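1. Generate coordinates for the sequence data below:
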Amino acid sequence: MTDNYRDGLEYLSAQFPEVNGCDFYRDIFPNNENKGEERNDYSRPNAIFLFRLDNEKERRLRQRIMLNDMWEDDYRDYVEENTMTLCSGVAYRGKKNTLANARQMNALIIDLDGAGGIEISRLFKYFSRAYDEPYAMPLPTYLVLSGGGVHVYYVFENPIALFPNIKAQMKKLKEALINCIWLYESTSQIENRQYQGITQGFRMVGSVNDKYGTEIKAFRVGQRVTLEYLNQYIREEENRVDVKVQFKPSTVTKEKAAQLYPEWYQHRIIEGNKEPRKWNVKRDLYEWWKRQLHNKEIVGGRRYNYMMCMAAYAYKCDVPKKELKSDMQVVFEYLRTIEHVNELTQDDVKAALQAYDKKYYNMKISEIEKRTGMRIERNKRNGRKQEVHLQLARYVRDEINGKKETWREGNGRPSAAAAVAEYREQHTEARKVDCIRDTGLSKKTVYKWWNGGEQTV
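-> The predicted structure is shown next:
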């Protein structure tokens, strides 16, 4: 048992009611379906939890739908006193807890590491302040002792429908709340903040953190919240969530798309392939990332994220998974020597290897930087004169277009249209400004082709 856990338990148990795990998840997910009710129209999404039984040799986590009438038995059999079981605050359609299947957010959860009794007491000092006061923080619904810190649960009065654009907004809101709550030497003993996605799973209440041998305990400290309440505490307007701005699908017809984006049309409509096309990337990028282990300072709280991004780069560069596993072990042995309150384990390695998947190969540089805390320099001319740089760019262009003389047909517009369409296909939550920055296309061009040739503002 850590000092943080012992002191946090003493502080919270003296002032707030403890909630057992079975009731805790019933409160967060009151509308889970009963067995046999799973609807094909996904009108009632369900929570999904992951677990691995202690007596199982298989190390892979299994997924299970949290059904209402089976929950008490499932909690006893798969969660209570288990050393590895996870759940997010999101309800999903179908049977897989992927971001694409995320239908609604019932609770926004923040992991505040390095928080003991003193840090938790300071949290309540900030929770009591009005939203326009310095260092004001929104009061959560629950605080959950995790072993080395706390998980902060904001349970919504009404679940937030996760349209594609709302997912992107919720991600920004969560990051802004982490910046608001995680204050080094005040609410946390750890300097480097840790960021997670909106579907990140957390150790479940009633299970056991095997790193410390401590039970995950929940305390009710506040009421349910609204987005309006959370938005008040976010000073940057661009990081607030506006559910009135609903998802606007493209207005381009299939017939028009076939003319504007023939490659996309063949890939998505004719072949029925819903996955974005994969670029052929040289393994130099993977080797470069491995070198960053010693070229950059990897702090304790970012070790797992470094390994996760390593797996994503390996997939991007077609590095065999067997080779990745071997490289990952070498990296793991080095990373575990970096001091941190949480021990790095083989379970972290196995979790990181899950990023060796097609859904991660389009991860943005900005996302990698945020996860790892590492600054990645963008491609520039690298000291080359403009004439030499342009010559190289033309060579790359000709190679991509198969040295065809007709690539300029249409005054270059189909190429620009295709570039914008492909970017939107691979970055479904991106904005126009992201496309302008990442592709190098002009603002006028991106705005023109954002909706297939219909000018947007």
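2. all contacts plus neighbour counts: C-alpha atoms, from now on.
-> Will do.
3. quick one: low-confidence ranges for the stretch 251-400 of the chain?
-> 251, 274-280, 295-297, 299-301, 341-342, 377-400 (pLDDT under 70).
4. buried set for the helix or strand hosting Gln292?
-> Counting by DSSP states H and E, the element that carries Gln292 is helix 284-295. Judged by neighbour count using 16 or more other Cα atoms under 10 Å, the buried positions of helix 284-295 are Tyr286, Trp289, Lys290, Leu293.
5. for it, the distance to its chain's centre please.
-> From the chain centre to the centre of helix 284-295 is a distance of 23 Å (Cα atoms, centre = their mean, to the nearest Å).
6. Which helix or which strand is home to the residue nearest the centre of the chain?
-> With the centre of the chain defined as its mean C-alpha position, the nearest residue by Cα atoms, centre = their mean is Gly197, 2.3 Å away. Remark: Gly197 resides in no helix or strand, with elements defined by DSSP H and E.
7. Which pLDDT does the model give it?
-> Per-residue pLDDT puts Gly197 at 86.
8. what does Pro138 give?
-> Reported pLDDT at Pro138 in the predicted model: 95.
9. Contacts only, for it.
-> Neighbouring residues of Pro138 by Cα atoms under 8 Å, 6 or more residues apart in numbering: Phe127, Tyr131, Tyr229, Leu230, Tyr233.
10. what packs against the lengthiest helix in the chain?
-> Ordering each helix of the chain by length in residues (DSSP state H) puts helix 164-181 first. With contacts defined as 3 or more Cα pairs under 8 Å, 6 or more residues apart in numbering; DSSP states H and E, the packing partners of helix 164-181 are strand 102-113.
11. Give me the sheet partners of the strand it packs on and which way each runs.
-> strand 85-92 (antiparallel), strand 149-161 (antiparallel) (DSSP bridges).
12. Just say helix, strand or coil for Ile48.
-> Assigned with DSSP: H, G, I helix; E, B strand; the rest coil, Ile48 falls in the strand class.
13. ok, back up a step: pop out the phi and psi values for the residue nearest to the centre of the chain.
-> Main-chain torsions, Gly197, degrees, to the nearest 10: phi -70, psi 170.
14. how much space is there between Lys95 and Val243?
-> 26 Å (Cα to Cα, to the nearest Å).
15. mind checking how far stretch 115-134 is from the chain centre?
-> Its chain's C-alpha centre and that of stretch 115-134 lie 26 Å apart, by Cα atoms, centre = their mean.
16. returning to what we had before: spatially, what comes nearest to the residue nearest to the centre of the chain if we skip its sequence neighbours?
-> Nearest in space to Gly197, with sequence neighbours left out and distances taken as Cα to Cα, 6 or more residues apart in numbering, is Lys171 at 6.5 Å.
17. What separation do you get for the one you found and Lys211?
-> Noted for Lys171: a distance of 28 Å to Lys211, by Cα to Cα.
18. Which of those two has more residues huddled nearby?
-> It is Lys171, of Lys171 and Lys211, that has more neighbours when counted by other Cα atoms under 10 Å, with 20 against 15.
19. Surely that one is in contact with Thr199?
-> No. Using Cα atoms under 8 Å, Lys171 makes no contact with Thr199, being 9.5 Å away.
20. overlap in contacts of these two?
-> Here Lys171 and Thr199 have no joint contacts, going by Cα under 8 Å, 6+ apart.
21. the domain parsing of the protein - what is it?
-> 3-239, 254-276+380-449, 284-361 (automatic domain parsing).
22. between the strands paired with strand 102-113, which gets nearest to Ser13?
-> Among those, strand 149-161 comes nearest to Ser13, with 13.7 Å by Cα to Cα.
23. tell me which residues of that closest one are tucked away?
-> Gly149, Val150, His151, Val152, Tyr153, Tyr154, Val155, Phe156, Pro159, Ile160.
24. what's Met363 in contact with, if anything?
-> By Cα under 8 Å, 6+ apart, the contact list for Met363 reads Ala312.
25. what sits against Arg60?
-> Going by Cα under 8 Å, 6+ apart, Arg60 touches Arg52.
26. Against Glu37, how distant is it?
-> 28 Å.
27. same thing with Val221?
-> Look at Val221 and Glu37: by Cα to Cα, they are 34 Å apart.
28. of the two, who's got more company?
-> Neighbours were counted for Val221 and for Glu37 using other Cα under 10 Å; Val221 has more, 18 against 10.
29. right, and the more buried one touches Tyr142 too?
-> Yes. Using Cα under 8 Å, Val221 is in contact with Tyr142, at 5.4 Å.
30. and stretch 5-19, how far apart are its ends?
-> With Cα to Cα, one end of stretch 5-19 sits 17 Å from the other.
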